[in-house]
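Chemist: starting from these lines, generate the structure:
(one chain, ligands or ions: 2)
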Amino acid sequence: MCDFIYLFIYLLVGWLVGWLILEKGSPQVERSCRVLDFNDPFSTEVKPRILLMGLRRSGKSSIQKVVFHKMSPNETLFLESTNKICREDVSNSSFVNFQIWDFPGQIDFFDPTFDYEMIFRGTGALIFVIDSQDDYMEALARLHLTVTRAYKVNPDINFEIFIHKVDGLSDDHKIETQRDIHQRANDDLADAGLEKIHLSFYLTSIYDHSIFEAFSKVVQKLIPQLPTLENLLNIFISNSGIEKAFLFDVVSKIYIATDSTPVDMQTYELCCDMIDVVIDISCIYGLKDDGTGTPYDKESMAIIKLNNTTVLYLKEVTKFLALVCFVREESFERKGLIDYNFHCFRKAIQEVFEVRMKVVRSRKHQSHLQKNKRPTPNGTPRMPL
Ligand SMILES: Nc1nc2c(ncn2[C@@H]2O[C@H](COP(=O)(O)OP(=O)(O)OP(=O)(O)O)[C@@H](O)[C@H]2O)c(=O)[nH]1
Ligand SMILES: [Mg+2]
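Modeler: Ligands and ions are numbered 1, 2, ... in the order given. Below is the predicted model of the structure:
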């Protein structure tokens, strides 16, 4: 009997810890997955839109779930095929602010009843996912059709091609597949006289950090303040003796900016792991007994000394952003200087935020005025003009 009670308590504690990590593992963000309604006023809002397109089972929904919902890659095996466009708002910081539209693979979006012009008009990036473990000829034909139609409606779209599921390929095979897809996709565009369309290629998998890195690059292109952020990071690291610094969105582990030294995958992976450790530990041991409190706040910081004379240093920048730096041990001795420079860096970031917020507010105000000026269906104005 006693054994049963222990077993029950053990299972209950296990379940509670698991629930804490999954449910509270990240700061609260305004995210919701909604099925698209074209009459929804938000569908035409100014937030840049990222479309996830590609053939069925190519991995679109898995990417979205792993990057933005902390779903474990193995769980994606049980995802059902998407049958309606699913829209999600990602609004966790003033910089990372967009919508992701996950398309069903089998959709015929060139169906005359389907308003693809409206969709492409407000799109910032179109991610086309190609399953590299499958025969990709059909995917390439579909890619060509999608890109050419989208370009005609909106030449400013960034076309991002994810050569996905590369975890199943050997290193040589990966490079060969990328070369082949790159060549064929660009040849098709050249044949159609559209060589001016630029396609960016990424090798991705949900089973490692490559998907986060690729998404980071896609999102960065949509942040108009990127050069300013890069500049601030450059000034910060050069005056503090820091090797490398990333500005991370803590929830998604997308890095929204880094200094201009090259990024290597291992460094990026270490930073992601560090964020996971900080958030997980603080979720398990940092919240109050009744589960209230936040796992990430102004006090959040962490220092990890590595065995290669490097120090990893994490500090909170805003509610949703963290700075993660790589510092040599000897430079870290001047931690006071680093902290002072960090203080200046954080202040500068806040100023950039404020300018952005002012722009967003005035845009909202303008679009509100325009909406009110538009006549109602019977021709009468909505507001006295
Ligand atoms: N090996 C591997 N499998 C993956 C990867 N990403 C997704 N998958 C698997 O691919 C299958 C299809 O994934 P989905 O995300 O449902 O594909 P989808 O593109 O949304 O499919 P539709 O909704 O039907 O258009 C699932 O079994 C995933 O586990 C990856 O990076 N590597
Ligand atoms: Mg899907």
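
Chemist: please make it C-alpha for all contacts and neighbour counts, starting now.
Modeler: Noted.

Chemist: if Phe159 is in a bridge, with which residues?
Modeler: Bridge pairing for Phe159 (DSSP bridges) gives the partners Leu126, Leu199.

Chemist: same deal with Tyr255?
Modeler: Beta-bridge pairing of Tyr255 under DSSP bridges involves Phe248.

Chemist: going forward, count from 55.
Modeler: All right, first residue 55 from here; so that's Tyr309.

Chemist: what is the burial count for it?
Modeler: By the criterion of other CA atoms under 10 Å, Tyr309 has 26 neighbours.

Chemist: equivalent analysis for Arg415, please.
Modeler: 11.

Chemist: which SSE is it in?
Modeler: Here Arg415, judged by DSSP states H and E, is contained in helix 389-427.

Chemist: that helix - what's its average pLDDT?
Modeler: What helix 389-427 shows for mean pLDDT is 82.

Chemist: that helix - contacts with which helices or strands?
Modeler: The criterion is 3 or more CA pairs under 8 Å, 6 or more residues apart in numbering; DSSP states H and E, and the helices and strands that helix 389-427 contacts are helix 280-294.

Chemist: show me how far the helix it packs on is from its chain's centre.
Modeler: On the basis of CA atoms, centre = their mean, to the nearest Å, helix 280-294 sits 22 Å off its chain's mean C-alpha point.

Chemist: next, the angle helix 280-294 makes with the helix holding Arg415.
Modeler: With axes from the mean of the first three to the mean of the last three CA atoms, to 10 degrees defining the directions, helix 389-427 sits at 170 degrees from helix 280-294.

Chemist: would you mark the buried spots in helix 389-427?
Modeler: Residues of helix 389-427 classed as buried: 392, 395-396, 399-400, 403, 406-407, 410 (neighbour count, 16 or more other CA atoms under 10 Å).

Chemist: and the stretch 55-204 of the chain, which residues reach ligand 1?
Modeler: 109-116, 130-131, 133-136, 158-159 (CA under 6 Å from any ligand atom).

Chemist: mind jotting down where the helices sit in the stretch 55-204 of the chain?
Modeler: 56-77, 114-123, 170-175, 191-207 (DSSP state H, counting those that start in this stretch).

Chemist: and the buried residues of helix 389-427, which two are furthest apart?
Modeler: Greatest spacing in the buried residues of helix 389-427, by CA to CA: Ile392 and Arg410 (26.8 Å).

Chemist: where's the dip in pLDDT among the residues of the stretch 55-204 of the chain next to ligand 1?
Modeler: In terms of pLDDT, Gly159 ranks lowest among those, with 87.

Chemist: contact partners for it?
Modeler: Contact analysis of Gly159 by CA atoms under 8 Å, 6 or more residues apart in numbering lists 107-112, 136.

Chemist: make it 10 Å
Modeler: Gly159 sits next to 106-115, 135-139 when contact means CA atoms under 10 Å, 6 or more residues apart in numbering.

Chemist: select from the residues you listed every entry located in strands.
Modeler: Among the contacts of Gly159, the residues falling in strands (DSSP state E) are 106-108.

Chemist: can I get the residues you listed in CSV with neighbour count and pLDDT?
Modeler: As requested, the ones in strands among the contacts of Gly159 are arranged in CSV below (neighbours: other CA atoms under 10 Å; pLDDT from 0 to 100):
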residue, neighbour count, pLDDT
Leu106, 25, 95
Met107, 25, 95
Gly108, 27, 95
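
Chemist: would you format these as CSV with distance to Lys219 included?
Modeler: Below are those laid out as CSV (distance: CA to CA, whole Å):
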residue, distance to Lys219
Leu106, 15
Met107, 15
Gly108, 13
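
Chemist: and of those residues, the nearest to Val331?
Modeler: Leu106 (29.7 Å).

Chemist: can you pull out the helices in the stretch 255-404 of the chain?
Modeler: 264-274, 280-294, 319-335, 383-386, 389-427.

Chemist: just how off-centre is the last one within its chain?
Modeler: Translated: helix 389-427. For helix 389-427, the distance to the chain centre is 20 Å (CA atoms, centre = their mean).

Chemist: same check, this time on the third one
Modeler: Per CA atoms, centre = their mean, the displacement of helix 319-335 from the mean C-alpha position of its chain is 16 Å.
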